[in-house]
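Peer 1: next one to model:
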Amino acid sequence: MLVNAADMLKKAEAGHYALGAFNTNNLEWTLAVLQAAEEAKSPIIIQCSAGAAKWMGGLTVCADMVKACVESMGITVPVALHLDHGTYEDCFKAIEAGFSSIMYDGSHEETFQINLDRTKELVEVAHAKGLSIEAEVGGIGGTEDGVTSNGELADPAECKQIADLGVDFLACGIGNIHGVYPEDWAGLSFDRLSEIKAEVGDLPLVLHGGSGIPEDQIKKAISMGVSKINVNTDLQLAFTAAVHDYFAAGKDTQGKGYDPRKVLKPGRDAIVERTKELMEQFGSLNKA
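Peer 2: Next comes the predicted model:
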C-alpha cells in the first residue's frame, strides 16, 4: 500500500535526516530501489516525471507497476509514489492515475502569482484526496524534461508565501542543478538556505539535483532542514557503468549472455547498492 510522503518527511525534518526520492525509469529501477529500501529498512519516495512516465506507457502504468511491485515483493517499509516536476495539468493526471503524492512545479510560470494561485488550488485538491504535495520556488538549474534553467536562488519571502498555503514540503533553488555538475559549480548557497528556513519554520525542504553534490554539503544541508533529496542522474550513471562493463568484458557473447535479464542484472544490482549507500549518507537507515 502506498502512503503519502507528509508524515515520513515530518519525521525526517524533526530527526535531522533526509529521505531519498529516487526517480524510476522502468521496472528494473522500481524493483531495485524497493529492494534497497527493504534491505536498509528505510522509508522511500519513488518518483516519476511526466517524461519518464510517457516512456513507460503513461502515469497509470507507472502507478500500477509500483503498487504491484510493493505487493509482490512484500515490502514492509513506507513507500510514497510522487510526481516529479509536474505541470498544473500533470498533477490532475497523476492524482487520477493513483499517485500518493504530487509536485506542482510552478517555478517556470510566467508570474509568481500564477505559481501562488495554482499551488493554492492544488493543495486543496491534494489534501482532500489524502495526497501530499510539493511546490517549488526558484528554478533548479540544468535541464529536466526539456525545461532548462540556471541555478537560481529562491526568494525567502516567496518561499514563505508558498509555505503558508499549506504545502507539505518545498523545493527551493539554492544553487543546485539537475544532471552532472560542472567543474566550476559554485556550490550550494547555505546563506540562502538559512534565510529560507527562517521564513518557513519546520516545513521540510527539498534538494533537487542531489546527484553529485559533495557529501559534506549534503550533510550540512540536511542539518539545516533539507529532508528530501532527489536522485536520478546518480543511479543512471551507476546503471550505465555496470552494463557497459558487462559488454566490455564480452559477457554478452558467452553462452546465453545476450539474454536481456543477464544484460540488465549488473545494472539492477548496481542501483541496489548505490541506493543503499545514499540512504546511509542521508541518514535514513533503520528509520522505517
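Peer 1: any idea how far the closest residue to Lys220 other than its chain neighbours is from Val167?
Peer 2: Once flanking residues are discounted, Lys220 sits nearest to Phe190: 6.4 Å by CB to CB, 6 or more residues apart in numbering. (Each C-beta comes from the backbone N, C-alpha and C, glycine too.) The gap separating Phe190 from Val167 is 22 Å, by CB to CB, to the nearest Å.
Peer 1: higher neighbour count, these two?
Peer 2: Shown here are Phe190 and Val167; by other CB atoms under 10 Å, Val167 has more neighbours (26 against 15).
Peer 1: any idea which element Arg261 lies in?
Peer 2: When elements are assigned from DSSP states H and E, Arg261 belongs to helix 260-282.
Peer 1: count of neighbours near Leu83?
Peer 2: 30.
Peer 1: Ile102 now?
Peer 2: 29.
Peer 1: got the contact list for the helix holding Arg261?
Peer 2: 17-20, 22, 28-29, 31-33, 35-37, 39-40, 42, 215, 218-219, 222, 229, 231, 234-235, 238-243, 245-247, 251-252, 256-257, 285 (CB atoms under 8 Å, 6 or more residues apart in numbering).
Peer 1: show me which of those residues are buried.
Peer 2: For these, a burial check counting by 16 or more other CB atoms under 10 Å picks out 17-20, 22, 28-29, 31-33, 35-37, 40, 42, 218-219, 222, 229, 231, 234-235, 238-239, 242-243, 246, 252.
Peer 1: what residues are up against the residue nearest to Lys220?
Peer 2: Ile174, Lys220, Ala221, Met224.
Peer 1: show me which of those are buried.
Peer 2: In these, the ones that pass as buried (16+ other CB under 10 Å) are Ile174, Ala221, Met224.
Peer 1: so which of these are in helices?
Peer 2: Ala221 (DSSP state H).
Peer 1: distance across stretch 51-68, terminal residue to terminal residue?
Peer 2: Across stretch 51-68, the terminal residues are separated by 21 Å (CA to CA, to the nearest Å).
Peer 1: how distant is that stretch from the center of its chain?
Peer 2: Averaging C-alpha positions (CA atoms, centre = their mean, to the nearest Å) puts stretch 51-68 15 Å from its chain's average.
Peer 1: run through who's touching it.
Peer 2: So stretch 51-68 is contacted by 2, 23-27, 30, 46, 48, 50, 79, 81, 83, 90, 93-94, 96-99, 145-146 (CB under 8 Å, 6+ apart).
Peer 1: all strands for the stretch 101-250 of the chain, in order.
Peer 2: For the stretch 101-250 of the chain, strands defined by DSSP state E, counting those that start in this stretch occupy the ranges 101-104, 132-137, 142-144, 147-149, 169-172, 205-207, 226-231.
Peer 1: how about TSV for those, with distance to Lys265 added?
Peer 2: Output for the strands of the stretch 101-250 of the chain, formatted as TSV (distance: least, CB to CB, whole Å):
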stretch	distance to Lys265
strand 101-104	30
strand 132-137	33
strand 142-144	29
strand 147-149	34
strand 169-172	34
strand 205-207	31
strand 226-231	21
